[in-house]
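S.K.: Below are the sequence and a predicted model for it; my questions follow.
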Amino acid sequence: MSVDKVFYSSGLLRMWFQFCLLGATLSFLYGADSAIVLGPIEGELAKKQIPIDLGRTPKVLVPLISKPIFVHGGLRLASEKESRFSATFSSAGGNDIQVVITQGNPKEPYASFVVKDSSIESSVSLACDRLVQEILGIPGFFSGRLAFLSDLSGAKEIYVSDSMMTYSKPQTDFKKMTFNPSWNNDGTGLFFTSNRKVFNNIYHLDLVSRRVATVANYKGSNLRAIQNPRTAQTALILSTSGNPELWLANTPYERPRRITKNKSNESGPCWSPDGRRMILTSDTRGKPQLYEVSLSSGVLSRIPTNVSSHCVEAAWNPLDPSRIAFTAAVGGGFQIFEYNFNERASRIITRGNDHAMQPCWANDGRHIFFTSRSSGGATQIKVIDTEFEEAKPIALHNQNFGNCSQPSYIYSR
């Protein structure tokens with residue numbers, strides 16, 4: 001059995017037991033006659049979540065639906081007696097999935113729809129997106145994809161998975177240093193950096209043809225490529241001029257022009273949702289901070305996050321251009337913050353003993369994927385709901401996936 005098939009089958013089996021236990025716990029908590037006192041954080045969070053049950057959904061589909069609901073945080077699994085909505089998922093032939101939603105007590109018809117995708121699993125993910133849209137009125141993110149690094153093979157290679165990481169497939173096998181994966185803007189390929197040919201060069205992998213093409217192999221270090229979400233423009237971090245600077249190419253394979261011209265180190269370029277603005281990290285004042293850069297003049301304007309002398313890895317909210325996520329050094333570690341341009345203020349998103357870094361927004365502008373690193377050095381990809389302050393990060397995988405980091409998410413629907 002292949003590695004990715006082992007992931008899938010063993011992961012679903014574990015998930016099944018976990019969510020059976022979750023279902024039993026919910027039934028106990030909400031179906032018992034005696035009062036159960038929840039902890040203050042869990043209790044406050046539960047009050048904000050909409051309770052839902054899965055009606056007559058076949059047991060074989062339950063694990064595929066329960067994990068997205070659990071991870072989302074806007075909904076929570078509940079008993080039929082306690083739920084406000086009931087959603088029955090069923091097969092409608094082939095890969096079609098039908099969902100019938102009822103509301104109230106007793107339940108009355110609310111909505112019904114049929115979705116279809118390339119497999120039963122992906123159809124269920126798409127149906128979960130539609131479920132979130134119908135009940136919460138916001139986009140779902142479950143049928144998106146993640147690219148990330150994993151050391152499962154002994155070297156850090158690029159993998160691609162569904163957004164819930166129920167399966168994973170390796171995309172590179174260079175047995176060299178590979179890092180900085182990022183999706184092209186239509187989701188058909190990945191940019192990445194590797195020393196597969198001795199020096200750090202930037203490449204593009206076409207996921208359909210499997211062709212690896214060289215994007216940048218200039219003198220010095222070729223460190224990162226990020227494509228404009230609206231056009232073929234590609235931002236590059238290159239040190240061909242001496243120190244890492246921002247360069248911009250009209251297409252990935254055209255010769256780029258230099259944007260920043262200074263003696264500082266630039267990194268982590270991040271496009272705005274409309275593709276007209278860019279934020280990057282620069283140590284022009286001695287320590288790394290976030291700056292908006294003029295794409296015409298290269299002038300840097302510091303973003304006043306005011307939380308740390310070390311702020312890096314900006315990620316622009318895809319739905320709300322007034323918000324960015326970023327990583328900051330605080331309290332001897334790293335945590336993820338959000339900066340609001342309208343309020344000119346920052347707020348902390350993650351807390352705890354583990355380091356949190358490399359934030360990446362989901363398409364709903366609500367959830368952030370990020371890398372969590374323990375004090376022992378183990379790394380996991382987690383997701384957190386930024387809507388509720390009581391929400392806790394949720395790990396998407398265990399060590400059967402290896403140490404995973406640098407998530408890059410795309411929703412190409």
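M.R.: The structure has been received and is ready for your questions.
S.K.: going forward, measure contacts and count neighbours with C-alpha atoms only.
M.R.: OK.
S.K.: nearest spatial neighbour of the most centrally placed residue in the chain, skipping sequence neighbours?
M.R.: Nearest to the mean C-alpha position of the chain, counting by CA atoms, centre = their mean, stands residue 369 at 3.4 Å. If the residues on either side of it in the chain are set aside, residue 369 comes closest to residue 383, at 4.4 Å by CA to CA, 6 or more residues apart in numbering.
S.K.: all helices for this structure, in order.
M.R.: In the chain, the helices defined using DSSP state H lie at 3-31, 40-48, 62-72, 120-136.
S.K.: From what I see, residue 305 and residue 347 are in contact.
M.R.: No - with contact defined as CA atoms under 8 Å, residue 305 does not reach residue 347; the gap is 9.2 Å.
S.K.: Excluding covalently adjacent residues, which one is nearest to residue 90?
M.R.: residue 98 (5.3 Å).
S.K.: whoops, residue 119 was the one
M.R.: In space, residue 119 comes closest to residue 95 once its chain neighbours are excluded; the distance is 5.6 Å by CA to CA, 6+ apart.
S.K.: okay, now that neighbour: neighbour count?
M.R.: 17 (other CA atoms under 10 Å).
S.K.: what do you get for residue 210?
M.R.: Neighbour count of residue 210, defined by other CA under 10 Å: 12.
S.K.: and the gap between it and residue 190?
M.R.: Noted for residue 210: a distance of 11 Å to residue 190, by CA to CA, to the nearest Å.
S.K.: and what of residue 66?
M.R.: Distance, residue 66 to residue 190, using CA to CA: 30 Å.
S.K.: The two: who's more crowded?
M.R.: Comparing residue 66 with residue 190 by other CA under 10 Å, the one with more neighbours is residue 190, at 26 against 22.
S.K.: For that one, list each beta-bridge partner.
M.R.: Judged by DSSP bridges, the bridge partners of residue 190 are residue 183, residue 205.
S.K.: what residues are up against it?
M.R.: 181, 182, 183, 184, 204, 205, 206, 207 (CA atoms under 8 Å, 6 or more residues apart in numbering).
S.K.: So it versus residue 181, what's the distance?
M.R.: Using CA to CA, residue 190 is found at 6 Å from residue 181.
S.K.: cool, residue 83 as well?
M.R.: 41 Å.
S.K.: More neighbours: the two, which one.
M.R.: Under the criterion of other CA under 10 Å, the comparison of residue 83 against residue 181 puts residue 181 first, with 30 against 20.
S.K.: Which pLDDT value goes with the residue nearest to the centre of the chain?
M.R.: Listed pLDDT for residue 369 reads 98.
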